[in-house]
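Novice: structure for this input, please:
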Amino acid sequence: MISAAKLAKMGDVAFVGLGAMGKGMAANLASSGGRVLVYNRTASVAEAHAAAHGTTAVAQLAELRPASIVVCCLPTSAHVAEVARQLELQPGSVLVDCTSGDPSQTREIGAELKERGIELVDCPVSGGPAGAESGQLTAMVT
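Specialist: Numbering: from 1, shown residues only. So this is what the prediction gives:
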């Protein structure tokens with residue numbers, strides 16, 4: 001788990017996708033301290049997450065601009081690509097993709113982000129919703 005001190009130094013962290021895996025992952029991230037912005041295409045899901053876990057719900061992807069790190073946990077690489085194109089992140093920001101997606105599409109997303117000065121970390125996770133809730137996931141980082 002990330003320490004509260006380290007999270008505070010990173011600045012705002014954002015989480016996109018509060019489905020079966022994402023809701024637990026974002027909750028665990030929020031429990032480490034610091035501000036965690038959450039976005040879900042169904043705004044009421046982000047609002048409920050904020051009420052339950054102390055995150056900050058945002059209604060538009062543009063509101064994630066202050067984040068230095070954005071974690072995506074979405075159904076497919078196509079969803080990640082759509083989100084990545086809409087994000088207005090600062091150069092030097094990092095997008096962490098936890099989707100078990102298509103490797104070639106992930107490389108394309110990474111190349112597009114790199115042109116904007118944003119790094120992509122490919123980080124599919126394993127452990128299911130129970131692992132996400134308990135903070136016991138296996139992350140395969142490339």
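
Novice: so where's the protein shaky on pLDDT?
Specialist: Scanning the chain for pLDDT under 70 picks out the ranges 1-10.

Novice: now the longest helix along it: buried residues?
Specialist: Assignment by DSSP state H gives helix 103-115 as the longest helix of the chain. In terms of neighbour count (16 or more other Cβ atoms under 10 Å), helix 103-115 has its buried residues at 106, 109-110, 113. In this view, the C-beta of every residue, glycine as well, is placed from N, C-alpha and C.

Novice: same question for stretch 84-94.
Specialist: Buried, per 16+ other Cβ under 10 Å, within stretch 84-94: 84, 87, 89, 93-94.

Novice: contacts for that stretch?
Specialist: Residues from elsewhere that reach stretch 84-94, judged by Cβ atoms under 8 Å, 6 or more residues apart in numbering: 61-62, 64-65, 67-70, 72, 95, 109, 112-113, 116-121.

Novice: could the buried residues of stretch 84-94 be laid out in CSV, adding secondary structure and distance to Gly101?
Specialist: Shown next, in CSV, are the buried residues of stretch 84-94 (DSSP: H, G, I helix; E, B strand; the rest coil; distance: Cβ to Cβ, whole Å):
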residue, secondary structure, distance to Gly101
Ala84, helix, 12
Leu87, coil, 17
Leu89, coil, 19
Ser93, coil, 20
Val94, strand, 17
